[in-house]
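K.L.:
predicted structure and sequence below. I'll ask about it afterward.
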2 protein chains.
Amino acid sequence: MMGVQLTLDKLLDRAIDLFPDRELVTKLPDGSTHRYTYADAGERINRLAHALDDLGLEQGDRVGVVATNHYRHFELYFGPACSGRSIHMCNMRLPDHHFVHTIDDAEDRVLFVDPGLIETVEATADELETVEQYVVLDDDVPETSLEPVTDYESLLAGQPAEYDWPDIDEDAEYGMCHTSGTTGLPKGVPYTHRAMYLHSVMGGHVDANAIGERDTVLPVVPMFHANGWGIPYGATFVGAKQVFPSVHTDPESIAHLIDEEDVTFSAAVPTIWLEMAEFLDENPEVDISNIDRLTVGGSAPPESLIRRYDEEYDAPILQGWGMTETSPLGTLSTLRKETAALPSDEQYEYRAKAGLPVPGMQTRVVGDDGEEVPADGETMGELQVRSPWVTDHYHDRPDENERAFTDDGFLRTGDIATRDELGYIDVVDRDKDVIKSGGEWISSVQLENELMAHEGVSEATVVAVEHERWQERPMAVVVPRSGTELADDDLESHLAETFPSWWLPDEYEFIDEIPKTSTGKFDKKTLRDRFDVVLEAEDDEPAPQQ
Amino acid sequence: MMGVQLTLDKLLDRAIDLFPDRELVTKLPDGSTHRYTYADAGERINRLAHALDDLGLEQGDRVGVVATNHYRHFELYFGPACSGRSIHMCNMRLPDHHFVHTIDDAEDRVLFVDPGLIETVEATADELETVEQYVVLDDDVPETSLEPVTDYESLLAGQPAEYDWPDIDEDAEYGMCHTSGTTGLPKGVPYTHRAMYLHSVMGGHVDANAIGERDTVLPVVPMFHANGWGIPYGATFVGAKQVFPSVHTDPESIAHLIDEEDVTFSAAVPTIWLEMAEFLDENPEVDISNIDRLTVGGSAPPESLIRRYDEEYDAPILQGWGMTETSPLGTLSTLRKETAALPSDEQYEYRAKAGLPVPGMQTRVVGDDGEEVPADGETMGELQVRSPWVTDHYHDRPDENERAFTDDGFLRTGDIATRDELGYIDVVDRDKDVIKSGGEWISSVQLENELMAHEGVSEATVVAVEHERWQERPMAVVVPRSGTELADDDLESHLAETFPSWWLPDEYEFIDEIPKTSTGKFDKKTLRDRFDVVLEAEDDEPAPQQ
C-alpha cells in the first residue's frame, strides 16, 4: 500500500481542497469579529512557513506560542508543523518559574506572544535562555521591553502564498505541550504527526466526538491545553467551521457566540458550563439549543449539571477523559446500544462516568497486585492506557519515564478508576487525592459531586486529612450558594443517602472560594496545606470494616 | 508517542474487550440460523491460529478461501491475519483459468472451501500447483476428489482457545484480493494491516460510512470482493452486530434478513437493490425501513432507484466508489452542509454522483494534458487517487505497475470522472467504455442511467461502436420491461430531453438480458464483441462540433 505519511499537512490540504469557503471566526479582544476562510488561512499559513525560513529555523526547531484561541494561533497550529518545525503551546497561567522552565525545556527559538500577554512574558524574559526573536500577534508592536521584536503581520507581509511542504516522516514531532505540573516541574510531552493525524480521524468517528463537516466547533478549552483537546486539528480535517473566542471566555460571551454562530460542538472544563448555567438562567433570551454536544473534560461534571443542561437548555453534555500525555482523548461517555435503550433517567449514571475508550484507545484498570480489577463498577484501581496517540516518554525526563510506564507499554495515568461490565470507565480520583482510610479507598470526587448536587452548595471539594487511627479521613470544603445558610448536619444527612457512614467527611469547612489550578481544577494541594491538621481518634468513629 | 502498530488484532481485541456479547448471525445454506458472539468468535479464531501452526504455515504464508459470507469466513478474516499469515480471498466466479491463476499467483498453501463450492474447486484442482491441504468449511467432509482434505471443525477441535498474537509490523500483508480481470489475467492486490486498520477507522467516520457500535451490518457484497468492502473489519472495530447471508443473496432473503435482524447498514451492487425493489413492491408486508443507509458500489445506481428507495421503502441509498486497488472505499455521496440545505429534490443530483472523497483519500481528475480539469462538473478526465489504503503495486506484475501509477504517486484508476465546485466526483465512465466521438467524450454511464429512468426499460447499457467518420458512436442495448413495447423513437425523444443531439445513440438493440461480469457489472466487452459493426458516415449525422 502507498507509503502516504500521516502528517498534518494532509489535514490542512483536505480543508483547502474541499471546503475552501468554510469560515474561521474569531471574536477579537476589542469585541469585533474577524472572519476568513480555510483558503485564506491556507495562504497565510504558507506565508508563515516562508517567514520561519527567513528567521533561520531548521527542521525540528521549536517555536513557542503564548496566546489565547484565535485565528493567528490557528495558523501557528499548522505553519511550523507543515514546514517541519514544532509548535510549543505555552501555558502562561503557570507560575513564573514553571513558565520559564517550559520554554527553556523546549528550547524555543522564537516566541509568538499575544499583545495582551506581553507583560507575562516581559516579567520573565531575562531568564529565557533560548529565545532569539519575539513576535507580537498583532499588526504592530506595542511599547515593550522585549527584543528583538516584530509583529506577526510584518513577518507575513510580502511572503509567497505557496509553500512546497517538505516530506515529513509521520513519526516526527509537530508540537509539544507541558503538563501543568501540580507536583514538581512541568513535563514536556512531544507530539508526533502520526499521533495527531490518528487522533483527528478518531475525533470524527461516530463512536467518539463525531466531529463532521456540518459541525461548527467552538473550543473554549485553551489551545495551549493538550492541543486544545485536538479540536482545531480534527475540525480542520473535516473542514468544519471553527469559532475562536480569544479573551472572551466568560460565560456570557461564550453563550452569545454559541447562539449567534450556530455552534454545534463546544468543549471546556466543567466550571465554564457551571458558570454559564447561571448566566442562562438569568438571560433566557440566549438560546444555546443548536448545541449537539458540550464536551466536558479536565475534571468530572456532576450528574446534576448534565441533567440541568438537558432539561433547561437542550444542550447535551458529553463527558470525556484525557491527559496532556494522551493528546488528549481517551474515553467518552457516549451511550452504547445497551445504555441508550435505558430510560433516560437511568442513562445519567453512565453519562456521568468518564465513559468508553474511544476507537484506537486501550484501557485497563489495575489493582495494587498488578492484576486487572473485576469489571464490577466498584473495585478501584489505576487507569492504564495504550494507544498510538499516548506518549511513550517525557522530554528530557528519564527520571519520570521510568515510573510512568508499565513493562508492557501502558501509561500509568495516576488516575484511580473503576470499570463496569459494559466497559464504562469511571475516574473516581487522582491517585494522590483518593482518601486511603483504614486500608479502604474513599473517592473524593464522588463525595464532591454529591455535595454539589445539594441545592445549597455552589462548589465543594473533598480532601484527605491525616488521622491518628485511620491514616486518612475525608474533609469537605464547601462554598455555599450566596444567601444560603448551611450546617454540617444538612450536608451529612444529604451524603448519608448515598454513601456508607465510613465515607462521610469528618469535618466541613465553609469558605468563600475554592482555589483553582492553572487548568481550572480545584487546587487540592493548596487546600491540604491550608487545612493541615491531624484528626484524633474517637471511640464512636465509623470504621471501614463496619 | 507509543509505537503501537496498526494491526488487525487490535480490531478484534476491541470487540472482544468491549462488546463480547454482540451477535454475529449467519443464515446457513439449509435455511437455519447460526448465532454466536464476538467472544465465541474470538475463541475460535484463536483455535484457528493454532491449527494454522499445526499445518506448518510460516509467517507471511497465504491461505485461500473459496466461500460465501458466513461466520467461518469471518473467522478466516482474522485467524491468518492476526497470527502473521495472509488470507487470499478467492473469487470463484472467475472463469476457470483465471481462478487457477489467482491461486497459483498467491501461492496459497491451504484452501478453505465451502461445501457448496467444492465442485468449482474440484474442476481445477489438478492445475493448482501450490495447494497442500484442502479444508471443507463444515463439520464433516463430503464425497470429494480433493486431497488431502479435512473439515474445518475437526481442524479446530482440541486447539487451545488462547493464542498469543505475534508482534506484526503494520506494513505486513494480511490479505490479498485479485481484480476481476476484465482485461487480461486478474492482478493480485496485497493489503497491509495498516491500510485496513486505517480503512476501518475511516469506515466509522461521521463523514464516511459512520458504522458505529449501534449499527447492525449486512454485507451482501461478497467477502471475496475487495474485503467485502471492508465492512466485516470496520464493523468488528466498533463491535457492531453483523449478519451474513451465506448463499441467500436473493432479494427475498435479504429483505427478510433486514427486516428480522433490524439491519441498519447494508451494501451491494445496484442490481441487488434493483431486484429487491421488485420483491418489495409485491410483498408490502416486508419492511426494510430500519435501514439507515444502503451502500451501493461497483457501478452507479440510477437516480430513479435512489428516489424509489426513499419514497417507497424509507431506506436511503448511499452511493460509493472504490476499487479492489483502493481497499476499496474512495468516495461516498454524502450530503455536505451546502447540499444538505437544498430542497430534497435537488439533493438527488448529488446523491447520484460517486460523491466526496472520504477523509484520508486524495482525489484529482486529470485531463489528457496531465493537468487537473476545471472543477465545473462537466469536463471529463481520469480519476486519480492517493491514500494509505490505495495499493502502490500489483503482486508480481511489473508490467502493470509501470503504467498504473503516476510519477507523483497517484493510482491511475482508469475511471473517467468530473469534479464539481463542491468537490463531488462523478464517475461518468470507465476509460475503456467512454465513447470518443469526433474528439469529444460521451459518457456511456450517463446515457445508461437516463435510459433506465424510462418507465419501459428494465436494464440498459451503452457501448461504443466503430464509426467511419466519428471514430466511435454510442449504441444502446436495452432490455424492455416485460409486457412493454419499445421503439427507438421513444427512447430517442426521452434522451433528447437531457442530452445534446450528438450524444444520442445511433443504434438501439433490444435483447432479453444483458450479460454480466463475475462482479455483477454489465459485461460491455461481450456486447462490443457481439455488436461488432462499423457504422457508415451519413450526411445528416450530428457532429460534436454542433
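P.N.:
That came in fine, so what should we check first?

K.L.:
can you pull the contacts of the closest residue to residue A:12 other than its chain neighbours?
P.N.:
With sequence-adjacent residues excluded and distances taken as CB to CB, 6 or more residues apart in numbering or on different chains, residue A:12 is closest to residue A:78, at 5.2 Å. (Each C-beta comes from the backbone N, C-alpha and C, glycine too.) Residues near residue A:78 by CB atoms under 8 Å, 6 or more residues apart in numbering or on different chains: A:8, A:9, A:11, A:12, A:45, A:236.

K.L.:
hmm, try it at 7 Å
P.N.:
Residues in contact with residue A:78, defined by CB atoms under 7 Å, 6 or more residues apart in numbering or on different chains, are A:8, A:12, A:45.

K.L.:
got it, and residue A:256?
P.N.:
By CB under 7 Å, 6+ apart, the neighbours of residue A:256 are residue A:286.

K.L.:
distance of it from chain B?
P.N.:
As judged by CB to the nearest CB, to the nearest Å, residue A:256 and chain B stand 22 Å apart.

K.L.:
A strand includes that residue, no?
P.N.:
No: counting by DSSP: H, G, I helix; E, B strand; the rest coil, residue A:256 is not found in a strand; it is helix.

K.L.:
which SSE is the residue nearest to residue A:12 in?
P.N.:
Using DSSP states H and E, residue A:78 sits in helix A:71-82.

K.L.:
chain center to the helix or strand following that helix, what's the gap?
P.N.:
Scanning forward in sequence from helix A:71-82 by DSSP H and E, the next helix or strand is strand A:86-89. Chain-centre distance of strand A:86-89: 16 Å, with CA atoms, centre = their mean, to the nearest Å.

K.L.:
contacts for strand A:86-89 next, please.
P.N.:
Strand A:86-89 is contacted by residues A:60, A:62-65, A:76-77, A:80-81, A:106, A:108, A:173-177, A:223-224 when judged by CB under 7 Å, 6+ apart.

K.L.:
okay, now the domains of chain A?
P.N.:
Chain A breaks down by automatic domain parsing into domains covering A:31-211+A:221-234, A:433-535.

K.L.:
what average pLDDT does the shortest one get?
P.N.:
Domain A:433-535 shows a mean pLDDT of 87 in the predicted model.

K.L.:
before we move on, the earlier item: any of the contacts of strand A:86-89 buried? List them.
P.N.:
Listed as buried from the contacts of strand A:86-89 are A:62-65, A:76-77, A:80-81, A:106, A:108, A:173-177, A:223-224; burial here means 16 or more other CB atoms under 10 Å in any protein chain shown.

K.L.:
among the residues you listed, which ones are in strands?
P.N.:
Taking DSSP state E, the ones among those that sit in strands are A:62, A:63, A:64, A:65, A:173, A:174, A:175, A:176, A:177.

K.L.:
and these, which is closest to chain B?
P.N.:
Of all these, chain B sits closest to residue A:173, with 9.3 Å by CB to the nearest CB.

K.L.:
re the thing from before, columns pLDDT and neighbour count on top of the contacts of residue A:78, output as CSV?
P.N.:
What follows is these, written out as CSV (pLDDT from 0 to 100; neighbours: other CB atoms under 10 Å in any protein chain shown):
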residue, pLDDT, neighbour count
A:8, 98, 27
A:12, 98, 24
A:45, 98, 26
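
K.L.:
now intersect the residues you listed with the strands, please.
P.N.:
Applying DSSP E to the contacts of residue A:78, no entry is found in strands.

K.L.:
what does chain A put close to chain B?
P.N.:
When proximity is defined by CB under 7 Å from any CB of the partner chain, chain A lies next to chain B at A:1-2, A:4, A:17-18, A:191-192, A:194-195, A:201-202, A:204-207, A:210, A:212-214, A:237-238, A:336-337, A:340, A:356, A:359-360, A:386-392, A:409, A:423.

K.L.:
any of those residues buried? List them.
P.N.:
Buried members of the residues of chain A next to chain B, scored by 16+ other CB under 10 Å, are A:1-2, A:4, A:17-18, A:191-192, A:194-195, A:201-202, A:204-207, A:210, A:212-214, A:237-238, A:336-337, A:356, A:359-360, A:386-392, A:423.

K.L.:
tell me which stretches of the stretch 301-450 of chain A form helices.
P.N.:
For the stretch 301-450 of chain A, the helices defined by DSSP state H, counting those that start in this stretch occupy A:303-313, A:337-340, A:344-351, A:398-404, A:444-452.

K.L.:
please work out the average pLDDT along the longest one.
P.N.:
Averaged over helix A:303-313, pLDDT sits at 94.

K.L.:
tell me which residues of it are tucked away?
P.N.:
Of all the residues in helix A:303-313, those buried under the rule 16+ other CB under 10 Å are A:303, A:304, A:305, A:306, A:307, A:308, A:309, A:310, A:313.

K.L.:
check the offset of that helix from the chain's centre.
P.N.:
Here the centre of helix A:303-313 is set off from its chain's centre by 21 Å, with CA atoms, centre = their mean.

K.L.:
that one vs helix A:344-351, what angle?
P.N.:
Per axes from the mean of the first three to the mean of the last three CA atoms, to 10 degrees, the angle that helix A:303-313 makes with helix A:344-351 is 130 degrees.

K.L.:
what is helix A:303-313 packed up against?
P.N.:
Applying 3 or more CB pairs under 7 Å, 6 or more residues apart in numbering or on different chains; DSSP states H and E, one finds that helix A:303-313 contacts helix A:270-282, strand A:317-322, helix A:344-351.
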